[in-house]
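Visitor: The sequence isn't on hand, but the structure is:
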């Protein structure tokens, strides 16, 4: 398995501010993934972050709102910009391991509440 | 479509078997997964099955795959109170030689003593 650490584990933020979430992996990985889990909902992929290139965003998510950095093969950040209460969610980062990258492992998530 | 559907809730008595069902739509999915999420925690990969398999067993867990009906199930034998959690199934889609996961809505399993 992979050891994935996310910071912060939770935060309460004022609307209009931004929060940067960090994700650290215990070994090098090619791709890192950022997911959102809204209250009582399933997980939705926000974007895929490849080291050395711009992140690829899924439909409904844009770089201005969710800028992502991927400075090296073990680290990534996701920023939630200009927050509103609708951004209150759990944000999770994920990496792939295993034969042909078949196993996806998740961090413990960042529980964000926007007031 | 990309829908993965699960029933929302399942309640079983401790010691009984639990069966959590999932249907998916993408017939080209290569792998199908089961994840467990305990309160306040991230997702824990329980098991996965390759699409050319019908069944996979791992200790108390049995995964059954009916590819014709696009139906996936997770059976937990001798269910314990520690199994109470939300269980997500997910199907894989290949994007740029990497795997993108599409998740179901999750089934909340409650194990009664």
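Guide: Perfect, thanks for sending it. The shown structure was predicted, so the numbers you read here are calculated from the model rather than taken from an experiment.

Visitor: Give me the mean pLDDT for stretch B:49-57.
Guide: Averaging the model's pLDDT scores along stretch B:49-57 yields 92.

Visitor: contacts for it?
Guide: B:29-32, B:47, B:62-67, B:72 (C-beta atoms under 8 Å, 6 or more residues apart in numbering or on different chains). Quick note: C-beta positions are derived from backbone N, CA and C, even for glycine.

Visitor: in chain B, which spans are strands?
Guide: In order along the chain, chain B carries the following strands (DSSP state E): B:4-6, B:9-13, B:18-24, B:31-37, B:43-50, B:55-58, B:61-66, B:71-76, B:85-95, B:98-103, B:107-112.

Visitor: Among these, show the one with the smallest mean pLDDT.
Guide: Within those, the stretch with the lowest mean pLDDT is strand B:98-103, showing a mean of 78.

Visitor: Local confidence estimate at residue 78?
Guide: No chain specified, so I'll use chain A. In the prediction, the pLDDT value recorded for residue A:78 is 98.

Visitor: Chain B, not that one
Guide: Listed pLDDT for residue B:78 reads 97.

Visitor: I figured it hits residue B:15, correct?
Guide: Yes: with contact taken as C-beta atoms under 8 Å, residue B:78 and residue B:15 are classed as touching, separated by 6.0 Å.

Visitor: Chain B contacts on chain A?
Guide: A:1, A:4, A:6, A:30-31, A:33, A:41-45, A:48, A:56, A:92, A:94, A:96, A:101-109, A:111 (C-beta under 8 Å from any C-beta of the partner chain).

Visitor: Got a quick PyMOL command for the buried subset of the residues you listed?
Guide: Per 16 or more other C-beta atoms under 10 Å in any protein chain shown, the buried members of the residues of chain A next to chain B correspond to this PyMOL selection:
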select buried, chain A and resi 4+6+31+33+42+43+45+48+56+92+94+96+101+103+104+105+106+107+108+109+111
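
Visitor: ranges for the strands of chain A?
Guide: In chain order, chain A shows strands spanning A:4-7, A:10-13, A:19-25, A:31-37, A:43-50, A:56-57, A:68-72, A:75-80, A:89-97, A:103-106, A:110-114, with DSSP E as the criterion.

Visitor: Show me what residue B:24 is bridged to.
Guide: Applying DSSP bridges to residue B:24 gives these bridge partners: residue B:4.

Visitor: Relative to residue B:101, how far out is it?
Guide: Residue B:24 sits 11 Å away from residue B:101, going by C-beta to C-beta, to the nearest Å.

Visitor: Need the overlap of contacts for the two.
Guide: Overlap between the neighbourhoods of residue B:24 and residue B:101 consists of residue B:91, taking contacts as C-beta under 8 Å, 6+ apart.

Visitor: The helix or strand of chain A with the lowest mean pLDDT pairs with which strands, and in what direction?
Guide: Taking mean pLDDT, DSSP states H and E as the measure, strand A:103-106 is the helix or strand of chain A with the lowest mean score, a mean of 86. Each strand that strand A:103-106 pairs with, and the sense of that pairing, follows from DSSP bridges: strand A:89-97 (antiparallel).

Visitor: now what about the partner strand, what contacts it?
Guide: A:1-2, A:4, A:6, A:21, A:23, A:25, A:29-39, A:43, A:46, A:76, A:78, A:80, A:102-107, A:109-112, B:42-43, B:98-99, B:101.

Visitor: do that again at 6 Å, thanks
Guide: In this structure, residues lying in contact with strand A:89-97 by C-beta atoms under 6 Å, 6 or more residues apart in numbering or on different chains are A:2, A:21, A:23, A:25, A:29, A:32-38, A:103-107, A:109-111, B:42.
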